[in-house]
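> Please find the sequence and the predicted model below.
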Amino acid sequence: QVQLVESGGGLVQAGDSLRLSCAASGRTVSTYAMGWFRQAPGKEREFVAGISRGGTRTNYADSVKGRSTISEDNAKNTVYLQMNRLEPEDTAAYFCAAKHTYFVAAYTRRDEYDYWGQGTQVTVSS
């Protein structure tokens, strides 16, 4: 089992950047596929970015592609989501997720993930 704790959220202005962190304990992230999802008030939780075990494959939602980067640091057992050129539409609670898998794939569906963090709030003002 793995425990996930997100951090790095906050209140920023449109055009700013943020780096979200997801610290994993219990297992090393190198044995898990990891993902970031977000949920705005009144909306479904949606996929943002995913990274395969080993970090060789990534996948992004169209809404963040080109301005976001998911990465992992195995030494720190941490996954990051770097978000640039933030927009008010990015305002949401951001959740980290982990999937234990033997396959090298970046998963995009919420129901594919086994473990979830508690989330960190990102608010982008216009």
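Arrived safely. The structure presented is a predicted model; accordingly, all values stated were derived computationally and were not measured.
> beta partners for Ala93?
Ala93 has these beta-bridge partners by DSSP bridges: Gln39, Gln121.
> Run through the residues that contact it.
Neighbouring residues of Ala93 by C-beta atoms under 8 Å, 6 or more residues apart in numbering: Arg38, Gln39, Ala40, Gly119, Thr120, Gln121, Val122. Any C-beta I mention is one placed from the backbone N, CA and C, and that applies to glycine too.
> Among the residues you listed, name the buried ones.
Applying 16 or more other C-beta atoms under 10 Å to the contacts of Ala93, the neighbour count classes Arg38, Gly119, Thr120, Val122 as buried.
> ok, of the contacts of Ala93, which one's closest to Gly26?
Gly119 (18.4 Å; C-beta to C-beta).
> The closest one contacts Phe95, correct?
Yes - using C-beta atoms under 8 Å, Gly119 is in contact with Phe95, at 4.7 Å.
> name the element Ala75 belongs to?
For Ala75, there is no host helix or strand (DSSP states H and E).
> For it, give me the pLDDT.
Predicted confidence (pLDDT) for Ala75: 89.
> Repeat that for Gly117.
97.
> Could you report the neighbour count for it?
When neighbours are defined as other C-beta atoms under 10 Å, Gly117 has 21 of them.
> Within its local environment, how many residues does the closest residue to it other than its chain neighbours see?
The shortest distance from Gly117 to any non-neighbouring residue, by C-beta to C-beta, 6 or more residues apart in numbering, is to Leu4 (3.6 Å). Neighbourhood size, Leu4 [other C-beta under 10 Å]: 22.
> Against Val48, how distant is Leu4?
15 Å (C-beta to C-beta, to the nearest Å).
> Quick check: of the contacts of Ala93, which lies closest to Ala61?
The closest of the contacts of Ala93, once distances to Ala61 are taken by C-beta to C-beta, is Arg38, at 9.0 Å.
> That'll do, ta.
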